[in-house]
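# Any chance you could fold what I've pasted below:
(2 chains, ligands or ions: 1)
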Amino acid sequence: MPSDVIISGRARDGGAENTTAPSALPLYAATVQAGFPSPADDYLEGALDLNEHLIPRPAATFFLRVTGESMTGAGIHSGDLLIVDRSCHPGDGDIVIAVVDGELTVKRLYRRRGRIRLLAENPRYQPIDINTGQDLHVWGVVIHAIHSFV
Amino acid sequence: MFALVDVNNFYASCERLFEPRLEGVAVVVLSNNDGCIIARSQEAKDLGIPMGEPVHKVKDVLRRERVRVYSSNYALYGDLSGRVVSVLKRFTPYLEVYSIDESFLDLGGFTDPAAHSHDIKDTVLRWTGLPVSVGVGATKTLAKAANRIAKKDPALGGVFIMPDDPDEVLGNLNTDAIWGIGRRLAARLDRIGITTALDLKNADSKFIRARFSVVVERTVLELRGTPCLALEMTVPAQKGIMVSRGFSRRVTDYRDIEAAVATYASRAAEKLRRQGLSTNKMTISLRTSPFSPAPERYANAAGFVFPEATSDTTHMIKAARHCLKKIYKPGLPYQKAGVFLDALEDTRRIQRGLFPPPGVDPDKSRALMKAVDRINADWGRNTVRFAVTGMQRSWAMKQNRKSPCYTTRWQDLKQVGG
Ligand SMILES: [Mg+2]
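Coordinates of the predicted model:
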């Protein structure tokens, strides 16, 4: 998949980080009742916006849903919502969405001394080795996982 | 200096984003009603599957070559289109969204357009997953031609900068490859010895204006590098028709609002027919006063994509009612409602789906609408009106092969193995 970051087995870790300026998102000021200016008006700052907090680059950010238990050690459980930023450069230790056998999977990226692996965070799952000459397609970098308790 | 950035095989590329298995595989996307092929991946083009072809005519090759066939998923395409524009706006605020997958950029201030174009292409691909081609030239017409060349020749890596002396390049393009020169115009030009874009560039512009039109003369000048077409940074009114009114009093009852919305929808349909246009998409909006107390403050909108483009009042009213049902909440004091029609096209050029929605005979409906408009013109508006009741049958659009709305519906999110 040419749109993915392709990490070739053996490749040196030389990619520059994708530098990005934070995008401007509007703050929503509370609606002011006409005719009754509140003394708090001068201190309005707008409500906290979770989108702004979790999604620095909306154009590159996608939501995906996890199924499976291989990442429970990293706090990612089946049914969790993943916030994935495609603009991030995948580095050693990042949790990434990778393409394995034509399917998307979430794993931790190991990328040291030219060796590339996808690690599960659950002893019941084997790591996946990317051999010399093989390419690993990274679809995006997981920047947050949202787990619900209700 | 202008750049035209165009997504390659846009709809097919959108389908690939969440389905890595589709990489390298032939993919086609069907029209609203699953009737015709409206988008093809490169592999499907290489199989010789023609654009606009009714599905039943290519059934065999689709099956034999295991082509992946999708219904159109405008929610997905629209979302990804918006993302591409957002990424492009990081490069310059001087941008014209020309179509769902094409934008013109003013590259005025950039010293190295080639490096810049590659940067644009790589960033859009990385951020959105969509491959684009970039064509650069001194005018919009030259940028569009350059884009075509960038697409055709894979060795160029998706970017082509029209050289300062474009004669050799233009000598290799037929006139119908040029923006605004259709096949019929190209044939007329050919008859007077103008075959290539270079011939057109070198033609006497005054003669062209006299013989054809000021529009074709403008194309000649643009080919010479004289910009005649500026960036249109606002959406022209032509692209949508809006009928929106505030109510004279606050209205709560569903029947009253339905009647209002149906009236606006008929008005919008009349406007549409007067301009010879049809619409693919309707949006209904409804709100209470923005100054009403919080529990009564409400605003919402719902959209409807027609099985095929239409200007028929009965279709408009049905769609309007369908949308209104989704957003109407009982008991609120409504102040304003509106009907918005967009994705407009020339009625004479509509591709008819293989399977028109049940009960719809496009020729009959066109004849009926003509009669209604004529009577209303002669006798005054609203002489002939449509009873809003008795039109309860909703359309079920035939869309058997639609991919999930990965980016716009929570229940449709892509599942990833963990
Ligand atoms: Mg395109």
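
# Using the record's assignment, carve chain B into domains.
What the record gives for chain B is the domain set B:2-160, B:163-223, B:240-389, from automatic domain parsing.

# Need the distance between the two termini of the longest one.
Its first and final residues considered, domain B:2-160 spans 12 Å by CA to CA, to the nearest Å.

# For the stretch 51-200 of chain B, which residues are neighbours of the ion?
Remark: the part of the stretch 51-200 of chain B in contact with the ion comprises B:D101, using CB under 5 Å from the ion. Any C-beta I mention is one placed from the backbone N, CA and C, and that applies to glycine too.

# Where does pLDDT dip in the stretch 51-200 of chain B?
Under the criterion of pLDDT under 70, the regions of the stretch 51-200 of chain B flagged as low confidence span B:109.

# A:V96 - that's part of a strand, no?
Yes: note on A:V96: a strand contains this position according to DSSP: H, G, I helix; E, B strand; the rest coil.

# Could you spell out the sheet neighbours of the longest strand seen in chain A, each with its direction?
For chain A, the longest strand by residue count, based on DSSP state E, is strand A:135-146. Strands adjacent to strand A:135-146 in the sheet, as given by DSSP bridges, are strand A:5-8 (antiparallel), strand A:81-85 (antiparallel), strand A:95-100 (antiparallel).

# before we move on, back to that, most tightly packed of the domains of chain B?
domain B:2-160 (a mean of 20; mean count of other CB atoms under 10 Å in any protein chain shown).

# Just the mean pLDDT for stretch A:56-66, thanks.
For stretch A:56-66, mean pLDDT is 97.

# hey, where'd the strands end up in the stretch 101-250 of chain B?
Secondary structure of the stretch 101-250 of chain B, counting by DSSP state E, counting those that start in this stretch: strands at B:102-106, B:132-137, B:159-161, B:240-251.

# Describe which strands the third one pairs with in its sheet and in which direction.
Using DSSP bridges, the neighbouring strands of strand B:159-161 in the sheet come out as strand B:132-137 (parallel).

# hey, C-alpha coordinates of the partner strand in CSV?
As requested, the backbone C-alpha atoms of strand B:132-137 are provided in CSV (Å, rounded to 0.1, in the frame of the first residue of the first chain):
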residue,chain,number,x,y,z
VAL,B,132,-2.8,12.7,-5.9
SER,B,133,-1.2,14.1,-9.1
VAL,B,134,0.0,17.6,-9.3
GLY,B,135,0.2,19.7,-12.5
VAL,B,136,1.8,23.1,-12.5
GLY,B,137,1.5,25.9,-15.2
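
# What is the distance between it and the centre of its chain?
In terms of CA atoms, centre = their mean, to the nearest Å, the gap separating the centre of strand B:132-137 from the centre of its chain is 20 Å.

# Give me the contact list for it.
Applying CB atoms under 8 Å, 6 or more residues apart in numbering or on different chains, the contact partners of strand B:132-137 are B:1-8, B:84, B:107, B:113-114, B:117-118, B:120-121, B:124-125, B:143-151, B:158-162, B:166, B:225.

# Kindly report the same for stretch B:320-339.
Stretch B:320-339 is contacted by residues B:242-247, B:250-252, B:254, B:257-258, B:260-262, B:264-265, B:267-268, B:282-289, B:292, B:296, B:298, B:300-304, B:316, B:388, B:391, B:394-395 when judged by CB under 8 Å, 6+ apart.

# for the record, mean pLDDT for that stretch?
93.

# Endpoints of that stretch, how far apart?
Here the two ends of stretch B:320-339 are set 8 Å apart, with distance taken as CA to CA.

# How far off centre is it?
Taking the mean of its C-alpha atoms, stretch B:320-339 sits 27 Å from the chain's own mean (CA atoms, centre = their mean).

# and A:I7, how many neighbours?
Residue crowding around A:I7 was assessed by other CB atoms under 10 Å in any protein chain shown; the count is 21.

# these two touch, right, it and A:L118?
No: taking CB atoms under 8 Å as the definition, A:I7 is not a contact partner of A:L118, at 10.5 Å.

# before we move on, back to that, export the strands paired with strand A:135-146 as TSV, with columns for distance to B:W410.
What follows is those, written out as TSV (distance: least, CB to CB, whole Å):
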stretch	distance to B:W410
strand A:5-8	27
strand A:81-85	9
strand A:95-100	18
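
# how about the helices in chain A?
Taking DSSP state H as the test, the helices found in chain A are A:50-54.

# low-confidence ranges in it?
Under the criterion of pLDDT under 70, the regions of chain A flagged as low confidence span A:1-3, A:9-45.

# can you list the weak-confidence ranges in the stretch 201-350 of chain B?
Along the stretch 201-350 of chain B, the model assigns pLDDT under 70 to residues B:234-238, B:349-350.

# backbone phi and psi for the residue in it positioned nearest to the ion, please?
Across the stretch 201-350 of chain B, the shortest distance to the ion (CB to the ion) belongs to B:A343, at 16.3 Å. Backbone torsions of B:A343, given as degrees, to the nearest 10, read phi 50, psi 60.
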